[in-house]
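S.K.: Kindly generate the corresponding structure for this input.
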Amino acid sequence: MDQLRRDIEAIRARVADGDGVNRSLREEVLGLGERSRNLEDAVANLADQRLSSRDAIALNEAEYLLLIARQRLELFHDAQGALAAYRLADGALAAAENPLYASTRQTIAAEIEALAAARPADTQTVLGALEQVRTAVATWPVKSIETRDAPAADSRFARMFGAFVRISRDGMPSQDSRDPSLLRSLIAIDLRRAEAAVLARDEAAYRQALNSAQAGIRLAFDGGDASVGSGLDQLDQLATAPLAPALPELGTALRELRNLRATRALSQPAVPAADPATERAPAATGEPGLDGAGA
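M.R.: As a prediction, the model looks like this:
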């Protein structure tokens, strides 16, 4: 009986040890589960922060591009640059993948359509055409003296004395006494004036410079030459195209984007909610001063 009692006591001790081990294992499993949940929450928070940071970068980029587009149009009348900036801003808002800014993208599309409908002249294209004509002036044939002054009448007397006598009138434009290099330089100066007017978007100065260049070309060079005729046609096309048409006023999309961002910032809490365990900790001390400070 004593031996059985000792055996039963040993079995009970082993069972108690097994229960203790089971409890410790259960606590460890529960601790691992809690850690897993904490890790999942941390990963979710990191993902949210990454998404919010990416959206913030995209929104900052879109706002900056819209601001650049408005300034380019107001300061330099650069419609092509404004269109490019607006398209980049629309792509930045699309990268944000936030339906809140869908209305802003619609406003951007409307302003792009209005700006493209104005059909502004492409600055680089106009400057390239003027430079091409200015370079070709150096190779154009100068009008001969015989073709500059037409004969008064096709008669026997005119043919007889035309080789010895030539009649001219004071005040009439004459380029006979001018050097061909001087004529080319004057026309090149007029074309340079036209290029400067294009950069300044000065419609009156642009038309005046083109008219002066065309008059000089018709007076100094042979209009029957194919290259001269092509240059005059090109200048005629540049003169008829609108240089600075009435452009729409931009800024609606920029104001809408800023308002949406300000509204969203106000809707989000500035300070995160305090932990309930932290709020209960001062109350356990029984000190009203600490309780008031915690509140």
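S.K.: What ranges does this protein have for its helices?
M.R.: Counting by DSSP state H, the chain has helices at residues 2-76, 79-96, 102-117, 123-136, 145-148, 156-161, 180-200, 203-220, 226-240, 252-267, 276-285, 288-294.
S.K.: what is the mean pLDDT for the last one?
M.R.: Read that as helix 288-294. Taken as a whole, helix 288-294 has a mean pLDDT of 41.
S.K.: cool, and the first one?
M.R.: Within the predicted structure, the mean pLDDT of helix 2-76 is 83.
S.K.: Now do that helix and helix 123-136, the angle between them.
M.R.: 50 degrees (axes from the mean of the first three to the mean of the last three Cα atoms, to 10 degrees).
S.K.: Report the mean per-residue pLDDT for stretch 185-192.
M.R.: Here the average pLDDT along stretch 185-192 is 90.
S.K.: for the helices of the chain, which one ends up most surrounded?
M.R.: Ranked by mean neighbour count under mean count of other Cβ atoms under 10 Å, these are led by helix 79-96, which reaches a mean of 19. C-beta coordinates here come from the backbone N, C-alpha and C atoms, glycine included.
S.K.: Which residues outside that helix are in contact with it?
M.R.: Residues outside helix 79-96 that contact it (Cβ atoms under 8 Å, 6 or more residues apart in numbering) are 54-55, 58-59, 61-63, 65-66, 68-70, 72-73, 101, 104-105, 108-109, 111-112, 115-116, 118, 120, 122-124, 247, 250, 253, 257.
S.K.: how distant is that helix from the center of its chain?
M.R.: Computed by Cα atoms, centre = their mean, to the nearest Å, the chain-centroid distance of helix 79-96 equals 6 Å.
S.K.: Then stretch 30-43?
M.R.: Counting by Cα atoms, centre = their mean, stretch 30-43 is centred 46 Å from the centre of its parent chain.
S.K.: And for stretch 106-115?
M.R.: Here stretch 106-115 is found 14 Å from its chain centre; the criterion is Cα atoms, centre = their mean.
S.K.: pLDDT on that stretch, on average?
M.R.: On average, stretch 106-115 scores 91.
S.K.: these two touch, right, G251 and Q71?
M.R.: No. If you go by Cβ atoms under 8 Å, G251 and Q71 don't touch, sitting 10.1 Å apart.
S.K.: Pull the contacting residues for D122.
M.R.: When the contact criterion is Cβ under 8 Å, 6+ apart, the partners of D122 are Q80.
S.K.: Which pLDDT value goes with the residue nearest the centre of the chain?
M.R.: Nearest residue to the geometric centre of the chain (Cα atoms, centre = their mean): A85, 1.5 Å. The model reports A85 with a pLDDT of 92.
S.K.: quick one: contacts for the residue nearest to it when sequence neighbours are not counted?
M.R.: Distances taken as Cβ to Cβ, 6 or more residues apart in numbering place A69 nearest to A85, at 3.7 Å, with adjacent residues excluded. Contacts for A69 (Cβ under 8 Å, 6+ apart) come out as G81, A82, L83, A85, Y86, A89, L250.
S.K.: what separates A69 from A42, distance-wise?
M.R.: A69 sits at a distance of 41 Å from A42 (criterion: Cβ to Cβ, to the nearest Å).
S.K.: Please apply the same query to L266.
M.R.: 28 Å.
S.K.: and what of R72?
M.R.: Distance of R72 to A42, given as Cβ to Cβ: 45 Å.
S.K.: do A253 as well
M.R.: On the measure of Cβ to Cβ, A253 and A42 end up 38 Å apart.
S.K.: what's the domain layout of the protein?
M.R.: Following the assignment in automatic domain parsing, the chain carries domains at 2-119+249-269, 123-240.
S.K.: how far does the last one sit from the chain's center?
M.R.: Same thing as domain 123-240. With Cα atoms, centre = their mean as the basis, domain 123-240 stands 40 Å off its chain's centre.
S.K.: measure that domain end to end?
M.R.: Start to finish, the residues bounding domain 123-240 are 15 Å apart (Cα to Cα, to the nearest Å).
S.K.: for L73, what are its contacts?
M.R.: If you count contacts by Cβ under 8 Å, 6+ apart, L73 has them with A79, A82, L115, L247, L250.
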